[in-house]
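Undergrad: sequence unknown, structure follows:
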DNA sequence: CCGGCCTGTAACCAATTTATAACCGGGTCG
DNA sequence: CGACCCGGTTATAAATTGGTTACAGGCCGG
C-alpha cells in the first residue's frame, strides 16, 4: 500500500513517513502541493494524506484537482480545529480529516480505517501477473511453481517493487525502504539482496526475466 | 466467539477486552465508530459491544448501520442513565444495554445471556478438522485420541491459531493476544509455549503436522 | 508443609539470515 | 591502454532465529 504524504513541515513529514513505513506501508513524500500533484501522477499511490496549509497548492486545491480524476481515499490534516476546514474538506471530496497535533497511533488507526472502508483490504495475497505475494506468511508463488519462502528483507524488496511494478525504483529509495536510514554507500547490501531474491523467483537467475536492472538507476519488476 | 468492542475510552476498552479474553472470548477492539464499522465488515464478529458516545460515528449510528445488514447481537454502553438512550437504542435494534459504571462480572453475565438468547450456545467444542477444542474445560482432542488438558496460556495460543486457521499469525500478534502488552524482545516465551503445546497436540512433536512455523513470520495451524 | 503443575528465565545448538569483503567482467573516458 | 565505476558472483564472518533442555520461583491443593 503506497501512501502519498504532503506537508511542508519537514519534521512532521518525516515522522509520518517513518510511522507508515514501520507499519508496512510505502510512504511517498511531497513537500508542497505542486509536488504532491506530480507525485500523484507518477507514483499512483493508494491513499493521500494532505496538509491543508502548504505553499504552492493548498491541500484544498490538491484535493479538488485529484478528485476530478480519481476516487483514491484522501485524509486531510489541519492545524486549526475549525469547522470551516472540516466542511470544506468534505465538500471537496476528502474522506477523513485529522487535526494537529495527533499521535502516530491515531493517524495509523484512521488510515487503516480508510483503507478498509475503501475495500483495499490487503491481507489477501498481493498478486500481479504470474507473481502472487503472500505478505502474511512471507511466501511468493511464481506461476504454478511451488511457493517459495522469503526472508524479511527479500519480502520488503519484492513488495516495494511489486507496488511499483513496471516502474524503475531508484536504489536510494530501495535502500531507505528496506533498511531505513543507512549509509548511502551501502549498495553492496542491495546487490546481494537482489541476487538472493533472483535465485528464488527467477527461472534462470543469470537471465532475469522478472526482476530487471536499470543500470545506473535501480531495479524494476517487469509486467507481462 | 469473536466480540467487537467499540469505545473511545482506551482504558475501558482494554478492560473489557481483557475481561472477555479471560472468559475465553476473542475481543476485537475499535477506538471509534468508524473503526467499528470497518472491523465489523472485516472480522465478522459474533457479538458487538458499542459505546454510545464516540467520535466518528456514534454507537447509535453504528448500530443503525449494522442492523441494515446483520442480525448480530448488539449491546450498547452508555454513561448516562437516561431513558432516552435506552429507548433509542432498542428502537435502533440493539438487544441489550448497560449503564456505566458496571462490573466486568455484570458485563460478562449479560453477554453470556445475549449469546444464549441468540442461540449461539457455545457449550459445544470449537472444532476444525481433527481438532476439537473445548474452551470451557480447557481440553483439546486430536482425532480420536484422548482429550488433553491445556493450560491457560496454551489455550489462548491454540484458540488464536484456530480462529485464524490456515493463515499465518504473526509472532507480535500472538504475543499481544496471549500476554497483553509485553517486552517485544520476549520471543522466548512464545518459543516455549509453542514447544509445550506441540508436545501435547502433535503426534510427533519434532515433526509438527498441525502447528507449523512460518519462519521469520509466525505460526499457523494447518487445515486438512 | 510438601509435591505437583504452571510460568518465566537462561543457556546451548543448528540452521538460517544478514553483513562484509574480494574478485570478475563489461563499459566508459581521458 | 589503463584507471575507474558499476553490477554480478562467490566466499566467509557475524547476527538472528527457532528448537531444545534445564531449572528456579510461584501458586495451589492435599
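TA: That came in fine, so what should we check first? Note that the coordinates shown come from a computational prediction; the quantities given were computed from them, not determined experimentally.
Undergrad: Any chance of the backbone angles for residue A:205?
TA: With angles defined as degrees, to the nearest 10, residue A:205 sits at phi -60, psi -20.
Undergrad: Quick check: residue A:177 touching residue A:156?
TA: Yes. Using CB atoms under 8 Å, residue A:177 is in contact with residue A:156, at 6.6 Å. From N, CA and C alone the C-beta is placed, and that goes for glycine too.
Undergrad: interface residues of chain A facing DNA strand D?
TA: Chain A comes close to DNA strand D at residues A:171, A:187-188, A:191-192, A:194-195, A:198, A:205-206, A:208, A:213, A:215-217, as judged by CB under 7 Å from any atom of the strand.
Undergrad: Out of those residues, which end up buried?
TA: A:171, A:194, A:198, A:208 (16 or more other CB atoms under 10 Å in any protein chain shown).
Undergrad: right, and out of these, which lies closest to DNA strand D?
TA: Taking CB to the nearest atom of the strand as the measure, DNA strand D lies nearest residue A:194 of those, at 5.2 Å.
Undergrad: Can you give me the separation between that closest one and chain B?
TA: 19 Å (CB to the nearest CB, to the nearest Å).
Undergrad: I figured residue A:31 was touching residue A:9, is that so?
TA: No. Residue A:31 lies out of contact with residue A:9 (CB under 8 Å); the separation is 9.3 Å.
Undergrad: circling back to that earlier point, I'd like to know which of the residues of chain A next to DNA strand D are part of strands.
TA: Using DSSP state E, the members of these that fall in strands are residue A:213.
Undergrad: follow-up on the earlier one: dump the buried ones among the residues of chain A next to DNA strand D into a markdown table; add pLDDT as well.
TA: Formatted as a markdown table, these follow (pLDDT from 0 to 100):
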| residue | pLDDT |
| --- | --- |
| A:171 | 90 |
| A:194 | 96 |
| A:198 | 97 |
| A:208 | 93 |
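Undergrad: Inside helices: which ones of those residues?
TA: Taking DSSP state H as the definition of helices, those contribute A:171, A:194, A:198.
Undergrad: isn't there a strand covering residue A:50?
TA: Yes. Counting by DSSP: H, G, I helix; E, B strand; the rest coil, residue A:50 is part of a strand.
Undergrad: need the contact list for it.
TA: For residue A:50, the contact set (CB atoms under 8 Å, 6 or more residues apart in numbering or on different chains) comprises A:6-7, A:33, A:36, A:59, A:62-63, A:74-77, A:94.
Undergrad: So the residue nearest to it when sequence neighbours are not counted versus residue A:53, what's the distance?
TA: Distance criterion CB to CB, 6 or more residues apart in numbering or on different chains; nearest residue to residue A:50, sequence neighbours excluded, is residue A:59 at 3.9 Å. For residue A:59, the distance to residue A:53 equals 7 Å [CB to CB, to the nearest Å].
Undergrad: what is the mean pLDDT for stretch A:67-80?
TA: Across stretch A:67-80, the average pLDDT comes to 80.
Undergrad: which of the residues in that stretch are buried?
TA: Those buried within stretch A:67-80 under the rule 16+ other CB under 10 Å are A:72-78.
Undergrad: wait, isn't residue A:143 in contact with residue A:130?
TA: Yes. Contact criterion CB under 8 Å: residue A:143 and residue A:130 qualify, at 4.4 Å.
Undergrad: how about the strands in chain A?
TA: Counting by DSSP E, the strands of chain A are A:2-6, A:26-30, A:47-51, A:74-78, A:96-99, A:126-128, A:131-134, A:139-142, A:148-149, A:168-170, A:211-214, A:218-221.
Undergrad: got the residues of chain A near DNA strand C?
TA: Contact residues, chain A versus DNA strand C (CB under 7 Å from any atom of the strand): A:149, A:151-154, A:179, A:186, A:188-189, A:192, A:196.
Undergrad: rerun at 6 Å
TA: By CB under 6 Å from any atom of the strand, the residues of chain A that approach DNA strand C are A:149, A:151-154, A:188-189, A:192.
Undergrad: Look up how far residue A:187 lies from the residue in chain A positioned nearest to DNA strand C.
TA: DNA strand C sits closest to residue A:151 of chain A, with a gap of 2.9 Å, by CB to the nearest atom of the strand. According to CB to CB, residue A:151 and residue A:187 sit 19 Å apart.
Undergrad: same question, residue A:106
TA: Counting by CB to CB, the gap from residue A:106 to residue A:187 is 37 Å.
Undergrad: Check residue A:61 too.
TA: Distance from residue A:61 to residue A:187, by CB to CB: 39 Å.
Undergrad: need the contact list for residue A:224.
TA: Residues near residue A:224 by CB under 8 Å, 6+ apart: A:129-130.
Undergrad: Name the nearest of the contacts of residue A:50 relative to residue B:221.
TA: Proximity of these to residue B:221 (CB to CB) peaks at residue A:75, which lies at 36.1 Å.
Undergrad: On the strand side of things, show who the closest one bridges to.
TA: Counting by DSSP bridges, residue A:75 is bridged to residue A:49, residue A:96.
Undergrad: What does the pLDDT read for residue A:218?
TA: On the pLDDT scale, residue A:218 is placed at 93.
Undergrad: Okay, and the beta partners of it?
TA: residue A:170, residue A:214.
Undergrad: any residues in contact with both of residue A:59 and residue A:53?
TA: residue A:78.
Undergrad: So for the two, which residue has more residues nearby?
TA: More neighbours surround residue A:59 than the other of residue A:59 and residue A:53, with 28 against 17 (other CB atoms under 10 Å in any protein chain shown).
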